[in-house]
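In: can't give you the sequence, but here's the structure:
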């Protein structure tokens, strides 16, 4: 299966508009644009408005990034400030920056 | 009006201190939430601190989770306080299955919105950490759970699992501190469980954050018998029992025994009850034992202790009162058969429901368990008399000191319930001292001894002590006949105390002598011979 066929479904859990959440979302968008352009979908879930969703994905820390697809589910907690760690965690092969 | 006026008038003159302090004092003491766990509310003087977190810690298998779940279930069923149980260890289904054996139907409680189970899974393999984060997700989850059912009680079991799942300890500690503060502002009474650490109460020092009430559970194996104990390590703003209290986990959950309180303030009865042996009654001032007193019958083996106890049980039942017979040596059937040989029909009392036998081997369970099951039996059967035959067998499961402590509590309990308690003790060999130790606790002590002379073994009985009554200081010969037990005066001849065939021979001799020489003494002699 080539990399291009993969769809990436990512879910970012936040709680309100906190600096950490904003940083996480900015970082995530940046990495996705760089390495997964056109292959990803980010869903942001604000637990302040939908607290019932926390249980389903076993969220306890905020922000948490969940990779729903491809399986298996991976989780990264924190503001995603370390790019390398995020890419390893999500198992994304980085696109060489020219 | 006029009384009030008068009072005020006096107040002005004599400056009577107002009556209020007592009531304001009560107002000031912290509010408590009843756990509903037998005994725990007594040693905590009313329950856990309301609206605050309590730390329950202990080693693996000590009953932390059980205590927590019982707290939640009792709250939901007895006190109309719904609860949230957040577990970091077991899946909700597993937990439900595990506590089903205790008769807790979690599914039903969940369905009725009295309970919410939330399993927080922390799988290190799934999770990476990068950068700053907080535990708001947990807060939100918890708050959502609390608000959805209006919970008043919360359990976090075991939050320390977070330490295994997350690497950033700095964040974690700060967040836990925030969590416990937040629980307080939320006004829920919470139990946080923690695994006992090496030299610390909990492995990750949760006690630093939870400072209102700390309960330590312990599960010890001594001489291959396990005993569970509980101690209130601290309880801010409240008096509490400081001892280690044994507790029991059985099919009805946790039971704590706060029985070492031993306030010597029991009501006592002046009513007297028969010993079941009329000649023995006579030795006790002609009236028998005090009702609600404790009696120790000790003696070497084969001296008829069980027979005395059986007579006592028989007398109780004949008064249409209930008697609980705890047999630690023989089975009920054995006792009934054996007693039939001395003309005592216990079976009819068993049939009529007045006599209940409980028979088990002491090695079956630890002392605390024995005590606990005794309490339960007594509460269920509500007897007026209890017989434990023999207490010395308990030494098989505990050290002498522990047995004594247990008997002390047993005697204390029976006294407070107004139950007449008869204990039998075998004194021989290693258990020689048990009767002496117990004797200071009991009200009456009957000693049966055997006297060996002229190739015979005869029994002698005497009263070592009997509090609060005139009692005979004489040694009597104790006969076990096919018609029951009987006591006769020993025969004092020129060569000392005579019993058995020596007594008979001497009496015959004396009677013959009296016939010839002193006919008026005949009556006196005849009186002394057994019926």
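Out: Happy to help now that I have it. As the structure is a computational prediction, the values presented were derived from the model and not from experiment.

In: Can you get me a residue count around the nearest residue to residue B:326 once chain neighbours are set aside?
Out: Using CB to CB, 6 or more residues apart in numbering or on different chains and skipping residues adjacent in sequence, the residue nearest residue B:326 is residue B:388, 4.5 Å away. All C-beta atoms are positioned from the backbone trio N, CA, C, and that covers glycine. Neighbours of residue B:388 under the rule other CB atoms under 10 Å in any protein chain shown: 24.

In: and what of residue B:348?
Out: Counted by other CB under 10 Å, the residues lying close to residue B:348 total 12.

In: how near is it to residue B:227?
Out: According to CB to CB, to the nearest Å, residue B:348 and residue B:227 sit 39 Å apart.

In: and what of residue B:50?
Out: 31 Å.

In: residues in contact with the residue minimising distance to the centre of chain A?
Out: Note on chain A: the residue nearest the mean C-alpha position is residue A:65, at 3.9 Å, using CA atoms, centre = their mean. Residue A:65 makes contact with A:10-13, A:24, A:28, A:75-77, A:80, A:86, A:90, according to CB atoms under 8 Å, 6 or more residues apart in numbering or on different chains.

In: 7 Å instead?
Out: By CB atoms under 7 Å, 6 or more residues apart in numbering or on different chains, residue A:65 lies in contact with A:10, A:12, A:28, A:75-76, A:80.

In: Would you mind listing the two of the residues you listed that lie farthest apart?
Out: The span of these, defined through CB to CB, is set by A:28 and A:75 at 13.2 Å.

In: Now do the strands in chain A.
Out: All strands of chain A, identified by DSSP state E, fall at A:8-14, A:40-46, A:64-69, A:74-77.

In: JSON lines please, covering the ones you listed and showing mean pLDDT.
Out: Below are the strands of chain A laid out as JSON lines (pLDDT from 0 to 100):
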{"stretch": "strand A:8-14", "mean pLDDT": "90"}
{"stretch": "strand A:40-46", "mean pLDDT": "90"}
{"stretch": "strand A:64-69", "mean pLDDT": "88"}
{"stretch": "strand A:74-77", "mean pLDDT": "89"}
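
In: Tell me which of the ones you listed is the most buried.
Out: Greatest average neighbour count among the strands of chain A goes to strand A:74-77 (a mean of 25), per mean count of other CB atoms under 10 Å in any protein chain shown.

In: to the chain's geometric centre, what's the distance from that one?
Out: From the chain centre to the centre of strand A:74-77 is a distance of 8 Å (CA atoms, centre = their mean, to the nearest Å).

In: Partner strands of it, with direction?
Out: Within its sheet, strand A:74-77 is paired with strand A:64-69 (antiparallel), strand B:127-129 (parallel), according to DSSP bridges.

In: Please enumerate residues in contact with it?
Out: Here strand A:74-77 makes contact (CB under 7 Å, 6+ apart) with A:61, A:64-67, A:86, A:89-90, B:126-130, B:133.

In: With stretch B:51-60 instead?
Out: Here stretch B:51-60 makes contact (CB under 7 Å, 6+ apart) with B:31, B:48, B:64, B:67-68, B:180, B:183-184, B:187-196, B:201-202, B:206-207, B:210, B:212-219.

In: any idea which helix is longest in chain A?
Out: Assignment by DSSP state H gives helix A:19-35 as the longest helix of chain A.

In: for residue 72, what are its contacts?
Out: Since you didn't name a chain, this refers to chain A. By CB under 7 Å, 6+ apart, the contact set of residue A:72 is empty.

In: hm, I was asking about chain B
Out: Going by CB under 7 Å, 6+ apart, residue B:72 touches B:83, B:85, B:115, B:153, B:155.

In: go with 10 Å
Out: Contact analysis of residue B:72 by CB atoms under 10 Å, 6 or more residues apart in numbering or on different chains lists B:35-36, B:81-85, B:99, B:104, B:106, B:109, B:114-117, B:151, B:153-155, B:157, B:191.

In: State the helix or strand in which the nearest residue to residue B:352 once chain neighbours are set aside lies.
Out: Nearest non-adjacent residue to residue B:352, counting by CB to CB, 6+ apart: residue B:317, 7.5 Å away. Following DSSP states H and E, one finds residue B:317 within helix B:305-318.

In: Could I get the average pLDDT for that helix?
Out: Summarised as a single mean, pLDDT over helix B:305-318 is 91.

In: any idea which helix or strand comes after it?
Out: Per DSSP H and E, the first helix or strand lying C-terminal to helix B:305-318 is strand B:323-327.

In: Without its sequence neighbours, what residue ends up closest to residue B:445?
Out: Nearest non-adjacent residue to residue B:445 (CB to CB, 6+ apart): residue B:464, at 4.1 Å.

In: one step back: tell me which of residue B:50 and residue B:227 has more neighbours.
Out: Set side by side, residue B:50 and residue B:227 show more neighbours around residue B:227, with 22 against 17, by other CB under 10 Å.

In: contacting residues around the closest residue to residue B:110 other than its chain neighbours?
Out: Spatial nearest neighbour of residue B:110, chain neighbours left out: residue B:117 (6.3 Å); criterion: CB to CB, 6+ apart. Residue B:117 makes contact with B:69, B:72, B:83-87, B:90-93, B:95-96, B:106-107, B:109-110, B:145, B:155 under the criterion CB under 10 Å, 6+ apart.

In: rerun that using 7 Å as the cut-off
Out: In this structure, residue B:117 makes contact with B:85, B:92, B:95, B:106, B:110, judged by CB under 7 Å, 6+ apart.

In: Give me the spatial nearest neighbour of the second one, chain neighbours excluded.
Out: Spatially, and ignoring its direct neighbours in sequence, residue B:92 is nearest to residue B:117 (4.1 Å; CB to CB, 6+ apart).

In: Can you classify that neighbour by secondary structure?
Out: Of the three states, residue B:117 takes strand under DSSP: H, G, I helix; E, B strand; the rest coil.

In: Distance-wise, check residue B:97 relative to chain A.
Out: Per CB to the nearest CB, to the nearest Å, residue B:97 is found 20 Å from chain A.
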